[in-house]
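Q: mind looking at a prediction? Sequence and model below.
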Amino acid sequence: MSGLMKFVILVPCSFFLVALIKFLYDYLWIPLRIQHMLNSQGIKGPRYKFIHGNNDEATQMTKEALSKPMALTHDIFPRVQPHIYSCINRYGRNYLHWDGVRAELVISEPELVKEILKNSEKTFPKRNPTIYLSKLLGNGLVTVEGGKWAKQRKLANYVFHGESLKNMTPAVIASVETMLEKWKGQEGKEIEVFHEFSLLTSEVISRTAFGSSYLEGEKVFAMLNKLSIIMSRNLYNTRIPLIKYVPSKLN
């Protein structure tokens, strides 16, 4: 075999070997090391599973919780976030969770939460939003930081001044009156309250923020709702590099 032939074979093999080592380092060694370090400090949690972390369990528990009818109770935590509810009961108020390969320290002790919110700008930076979340929220207050955040917060503050909120009252009353008028023709029939109040919220937003009615922005609200459903469906999907660019039903 000629030297050139050996070189042509060795280069791809070397590249593949380096890529494999890097993959195992990122998706196995680092997570297991983080898990060991936090466990030694008393922070427990469900164990890391290769590539998927705890996403499969979270998805399955959510599906099971939502598949059963809910009793008339204010205790909705086990239904809306069953995986967090289960982990808090099993591992304590603070525990380690794995969003795929990403380690997440879940904090639910009020004093610690208060400390994080007080010192959040530099000590506790926001996580980069997933591709799905960024499509829904864009570059808004929830996702941006630094100067952009300060500018948007200043603009948003004006809306929540007492005088501004007072000026919105007639629009809110008009929206509620429209809903009640529609209900008058539904006497004796069942009303899907969740749907009605979703429409009311959209109507109030349309009137107060854009000076229009819900009907004028109905298509926009419908598309936002559809986008939020797609986002929630992908919330616990394991994100492997480059896979998001492969055409599929979820992508």
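A: That came through, no problem.
Q: what's the helix or strand hosting residue 37 in contact with?
A: Per DSSP states H and E: residue 37 is located in helix 30-40. Applying Cβ atoms under 8 Å, 6 or more residues apart in numbering, the external contacts of helix 30-40 come out as 45, 47-48, 53, 96, 98, 101, 103, 105. C-beta here means a position set from N, CA and C on the backbone, and glycine is covered the same way.
Q: give me the buried positions along it.
A: 31, 34-35, 38 (16 or more other Cβ atoms under 10 Å).
Q: with stretch 210-230 instead?
A: For stretch 210-230, by 16+ other Cβ under 10 Å, it's 214, 217, 221.
Q: test my guess that the second one contacts residue 211.
A: Read it as residue 217. No - the pair residue 217 / residue 211 is not scored as a contact, 10.8 Å apart, by Cβ atoms under 8 Å.
Q: out of the buried residues of stretch 210-230, who's nearest residue 125?
A: Nearest to residue 125 among those: residue 221, at 31.8 Å, using Cβ to Cβ.
Q: what sits closest to the closest one if chain neighbours are left out?
A: residue 202 (4.7 Å; Cβ to Cβ, 6 or more residues apart in numbering).
Q: doesn't residue 95 belong to a strand?
A: Yes - membership of residue 95 in a strand is supported by DSSP: H, G, I helix; E, B strand; the rest coil.
Q: next, residue 22: phi, psi?
A: Backbone torsions of residue 22, given as degrees, to the nearest 10, read phi -60, psi -40.
Q: 14 is where my numbering starts, stick with that
A: Right, with 14 as the first residue, what we last looked at is residue 35.
Q: ok, back up a step: which among the contacts of helix 43-53 count as buried?
A: 58, 61, 66, 109, 111, 114, 116.
Q: biggest separation within these, which pair?
A: 58 and 114 (14.7 Å).
Q: returning to that earlier point: for the residue nearest to residue 234, what are its contacts?
A: 227, 230-231, 234.
Q: for these, which one is nearest residue 146?
A: residue 234 (18.7 Å).
Q: doesn't residue 64 lie inside a strand?
A: No - checked against three-state DSSP, residue 64 lies outside a strand; its state is coil.
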